[in-house]
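[1] when you get a sec, could you give me coordinates for this:
(one chain, ligands or ions: 1)
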Amino acid sequence: MNTPEQRENLMLRSVSRIVKGMPATDGAGVELTRVIGQPVLPMLDPFLLLDAFRSDKPEDYIAGFPPHPHRGFETVTYLLAGRMRHKDNAGHEGVIEPGGIQWMTAGKGIVHSEMPEQENGMLEGFQLWINLPASHKMDTAAYQEYPAEQIPLETRQAGIEVRVISGVTSKGTKGPVVQPLTEPVYLDVLVPAGQNYFEALPEAHNAFLYVIHGSVSLENEDGETMSLGRDDLGVLTQGDAVSLQAGEEDARFLVVAGKPLREPVARGGPFVMNTRTEVQQAFEDFKQGEF
Ligand code: FE
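    Residues are numbered from 1 along each chain as shown. I've put the predicted structure just below:
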């Protein structure tokens, strides 16, 4: 249980909405679930898109994502199972393996491919798009890439495990990915059945939970219990901390938070800018081979 000290003077976040992903096809025919970036949740500033993929059927993923451009934001790929080869037009290439993260700041633009490095077996993971502010949309592209063994694993009482990709936990574990523009928190948390989990989150950040397996429950302000099941995204209310309990099975979930940019968003497929004109310019620059 959380100690009284932890709860004192804290405003606990509750779940304002439960969102289920919708089936989508992207790339050259990859079957995935779009959770953020769909009609019921177009964005959660600064998060523009969240795709979840989980399949052991090669026909769902084998076509991959052949060369395509991005401009104006970051793509964050986190793999739980399987392998993905990444290659861009600036000569950057690598394979993302289970438990590994690739945090790509597309900035002014890259053209890259993301292809499964396997012909069968399970491919499971997430791609999250995080917006960049107007002042940094045209920065040079950059990568922060870490394999599983370089991602700190915080172990707590009762078998709780927290993989800290970005941000700092209340116990002081710091993730390797740093992005001062949106100060993201990205945690992969395992809580054994029936156990409680508590984590402080920056008060002004937008935040969500995404349940990978099992279920979790949180109390809302009226003392009502909200339960999130497998593949549910829970949008969190504002507050200083999240406190939840795992259900009858061990629960694994993502905790993701980021500082909202509060800027106009103009989207055009793989380009996310502030105005329509800038999106048209991105298409023009791409056509001219300027990426
Ligand atoms: Fe991409």
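[2] longest helix of this protein?
    When the chain is parsed with DSSP state H, its longest helix is helix 276-287.
[3] counting contacts, what elements does it pack onto?
    Using 3 or more CB pairs under 8 Å, 6 or more residues apart in numbering; DSSP states H and E as the contact test, the elements touching helix 276-287 are strand 266-268, strand 271-273. All C-beta atoms are positioned from the backbone trio N, CA, C, and that covers glycine.
[4] reformat those as a markdown table; add mean neighbour count and mean pLDDT.
    Shown next, in a markdown table, are the helices and strands packed on helix 276-287 (neighbours: other CB atoms under 10 Å; pLDDT from 0 to 100):
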| stretch | mean neighbour count | mean pLDDT |
| --- | --- | --- |
| strand 266-268 | 17 | 98 |
| strand 271-273 | 25 | 98 |
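[5] hmm, back to that, from the chain's centre, how far out does the longest helix of the chain sit?
    Relative to its chain's centre, helix 276-287 lies at 26 Å (CA atoms, centre = their mean, to the nearest Å).
[6] partners of Thr225 in the sheet?
    Following DSSP bridges, Thr225 is listed with bridge partners Glu219.
[7] that one: what's it in contact with?
    Shown in contact with Thr225 (CB atoms under 8 Å, 6 or more residues apart in numbering): Ser217, Leu218, Glu219.
[8] for Glu145, same thing?
    Counting by CB under 8 Å, 6+ apart, Glu145 makes contact with Gly94, Ile96, Gly100, Ile101, Gln102, Trp103.
[9] about what we covered before: what lies in contact with the longest helix of the chain?
    Helix 276-287 has contacts (CB under 8 Å, 6+ apart) with 69, 71-72, 109, 111, 137, 266-268, 271-273, 291.
[10] what is the neighbour count of Glu248?
    A count of nearby residues for Glu248, using other CB atoms under 10 Å, gives 9.
[11] pretty sure it contacts Val216?
    No: contact criterion CB atoms under 8 Å: Glu248 and Val216 do not qualify, at 11.2 Å.
[12] burial count for Arg163?
    The number of residues packed near Arg163 is 21, by other CB under 10 Å.
[13] typed the wrong thing, it's Glu117
    When neighbours are defined as other CB under 10 Å, Glu117 has 14 of them.
[14] mind pulling up the pLDDT for the residue nearest to it when sequence neighbours are not counted?
    The shortest distance from Glu117 to any non-neighbouring residue, by CB to CB, 6 or more residues apart in numbering, is to Arg83 (3.9 Å). Looking at Arg83, its pLDDT reads 97.
[15] list the contacts for Arg83?
    By CB under 8 Å, 6+ apart, the contact set of Arg83 is Val95, Ile96, Glu97, Pro98, Pro116, Glu117, Gln118.
[16] just say helix, strand or coil for the fourth one.
    When classified by DSSP: H, G, I helix; E, B strand; the rest coil, Pro98 comes out as coil.
[17] residues in contact with it?
    Contacts of Pro98 (CB under 8 Å, 6+ apart): Leu79, Leu80, Ala81, Gly82, Arg83, Ala148.
[18] tell me the secondary structure for the residue nearest in space to the middle of the chain?
    The chain has Leu128 as the residue nearest its centroid, 4.0 Å off, counting by CA atoms, centre = their mean. Assigned with three-state DSSP, Leu128 falls in the strand class.
[19] quickly note the distance from it to Lys108.
    Taking CB to CB, to the nearest Å as the measure, Leu128 falls 20 Å from Lys108.
[20] next: Gly172.
    In terms of CB to CB, Gly172 sits 36 Å off from Lys108.
[21] same question for Gly99.
    Gly99 sits at a distance of 30 Å from Lys108 (criterion: CB to CB).
[22] neighbour count winner among the two?
    Comparing Gly99 with Lys108 by other CB under 10 Å, the one with more neighbours is Gly99, at 20 against 16.
[23] and the more buried one, what pLDDT?
    pLDDT, read off for Gly99, is 98.
[24] cool, and Leu10?
    85.
[25] one more: Glu5?
    47.
[26] the residue lying closest to Glu161 once chain neighbours are set aside is in what secondary structure piece?
    Excluding its sequence neighbours, the residue lying closest to Glu161 (CB to CB, 6+ apart) is Leu190, at 4.3 Å. Assessed by DSSP states H and E, Leu190 sits inside strand 185-191.
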